[in-house]
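In: How does the following fold in three dimensions:
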Amino acid sequence: MGRILTEKDIEPAVKGGSVYAAGGGGWADHGRMLGRAAVSIGKPELVSIEELDDNDWVATAAAIGAPASTTPWEMQGVDYIKAAQLLQDALGEKLSGLMVGQNGKSSTLNAWLPSAMLGTKVVDAVGDVRAHPTGDMGSIGMAGSPEQIIQTAVGGNRDENRYIELVVRGATAKVSPVLRTAADQSGGFIASCRNPLRASYVAKNAALGGISMALKLGEAIIAAEAGGGSKVIDAIVNTTGGTILAQGNVEAKDVVYTREAFDIGTITLGSGDKATKLHVMNEYMAVEDAGGTRLATFPDVITTLDAAGNPLSVGQVREGMFIFVLHVPKTIIPLASSVLDPTVYPPVEKAMGIEIAKYALDLGRRKSDRG
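Out: The predicted structure follows:
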């Protein structure tokens, strides 16, 4: 049976989502705002995909952009509702459920408010358990599809006349960059609703249970908080099944905001042969040791924590800070078909200048091939 999401679920969703945000994933206060608005205007209900009929329409509620504190972004709760309404109007049929493209500080809650308002279910499925830089990575296998798909975007800084409403149809790979441009024009961050798909397709292609994972992690974090930072970090490690891959002082941060609404660069912990380098594209995408050996790669969960166990977004990390790097290998989390789709990697590899696909797509097949 589904569970009605209430006030007491907001903080666990934000806190668990913040770990899976992997250095990105929006703003915690934005998530709280969405959660509070949702539970005050309705009763958003979290359901498993099995609770929907195979032919029911499920769309993805998402936020697009890399809202640095340097950009004039503005996004209101009503923008998420309007984006879902525009999609439903364009589809010409009722949406039964909304899922999200990824977990994150606010993205774990992206479907709550439009669902509370429109009466759709919040589907316990995500396009990716962790946050990622491109819409294609959370598109549950639609990135390379020639199928015409509907995507909408709503929002923007009203005072600067940046408010935009957009409905586009086309192949996902061609329309996703259009929405990213809209995010940049609107001020860096925009609400979207996209890729209406049948529930039967979502069941086979999404990362199922991703919202519950964030809630469970958030509940464990809250339960540990009275014990201090080391207890919180232990709770995060134990609940996710991950490890602390590295820890140390931030020696260098070299991250720049690009016109495509991406934050790209590197963060280095420690120095000399003890140095660890984190590769960033909005989120943490890879970790290397001082010799350049790859230690972790998307879709692994890679998250920076401070000594109190608070997840730090890339924007919050400063030179001189002491931080911990959490690593949860992809082998122990549900993976959606989009992160196993080779077509989603070339634009990211080109932007970052490093290899991702060969690590991301290696699921130990070669080991088992040898028997």
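
In: Show me the helices in the protein, by range?
Out: Under the criterion DSSP state H, helices of the chain are mapped to 7-20, 28-41, 77-91, 112-118, 172-186, 199-205, 210-224, 229-240, 346-352, 357-360, 365-369.

In: Can you add mean pLDDT and give these back as CSV?
Out: Output for the helices of the chain, formatted as CSV (pLDDT from 0 to 100):
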stretch, mean pLDDT
helix 7-20, 98
helix 28-41, 95
helix 77-91, 96
helix 112-118, 97
helix 172-186, 89
helix 199-205, 98
helix 210-224, 98
helix 229-240, 98
helix 346-352, 95
helix 357-360, 97
helix 365-369, 41
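
In: Out of those, which is the most enclosed?
Out: helix 112-118 (a mean of 26; mean count of other C-beta atoms under 10 Å). From N, CA and C alone the C-beta is placed, and that goes for glycine too.

In: possible to save the helices of the chain as a markdown table with distance to Gly320?
Out: A markdown table is the format used below for the helices of the chain (distance: least, C-beta to C-beta, whole Å):
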| stretch | distance to Gly320 |
| --- | --- |
| helix 7-20 | 22 |
| helix 28-41 | 23 |
| helix 77-91 | 37 |
| helix 112-118 | 37 |
| helix 172-186 | 31 |
| helix 199-205 | 43 |
| helix 210-224 | 25 |
| helix 229-240 | 18 |
| helix 346-352 | 25 |
| helix 357-360 | 30 |
| helix 365-369 | 41 |
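
In: out of those, nearest to Ser106?
Out: helix 28-41 (3.5 Å; C-beta to C-beta).

In: on that earlier part again, right, and the helices of the chain - which one's nearest Val58?
Out: helix 199-205 (4.8 Å).

In: Check which helices and strands that closest one sits against.
Out: strand 57-65, strand 95-100 (3 or more C-beta pairs under 8 Å, 6 or more residues apart in numbering; DSSP states H and E).

In: Now the first one: buried residues?
Out: Going back to what we said before, that points to strand 57-65. Trp57, Val58, Ala59, Thr60, Ala61, Ala62, Ala63, Ile64, Gly65 (16 or more other C-beta atoms under 10 Å).

In: now these in JSON lines, with pLDDT and distance to Ala206?
Out: Below are those laid out as JSON lines (pLDDT from 0 to 100; distance: C-beta to C-beta, whole Å):
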{"residue": "Trp57", "pLDDT": "98", "distance to Ala206": "14"}
{"residue": "Val58", "pLDDT": "98", "distance to Ala206": "9"}
{"residue": "Ala59", "pLDDT": "98", "distance to Ala206": "12"}
{"residue": "Thr60", "pLDDT": "96", "distance to Ala206": "9"}
{"residue": "Ala61", "pLDDT": "96", "distance to Ala206": "13"}
{"residue": "Ala62", "pLDDT": "91", "distance to Ala206": "13"}
{"residue": "Ala63", "pLDDT": "87", "distance to Ala206": "18"}
{"residue": "Ile64", "pLDDT": "85", "distance to Ala206": "19"}
{"residue": "Gly65", "pLDDT": "75", "distance to Ala206": "22"}
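
In: Go through the helices of the chain and name the closest to Met99.
Out: helix 199-205 (6.6 Å).

In: so how far is that closest one from its chain's centroid?
Out: Centre-to-centre, helix 199-205 and its host chain are 19 Å apart (C-alpha atoms, centre = their mean, to the nearest Å).

In: who's in contact with it?
Out: 49-50, 52-58, 96-97, 99, 123, 125, 140-141, 336-338 (C-beta atoms under 8 Å, 6 or more residues apart in numbering).

In: Was I right to think Ala83 contacts Ala191?
Out: Yes: if you go by C-beta atoms under 8 Å, Ala83 and Ala191 touch, sitting 4.8 Å apart.
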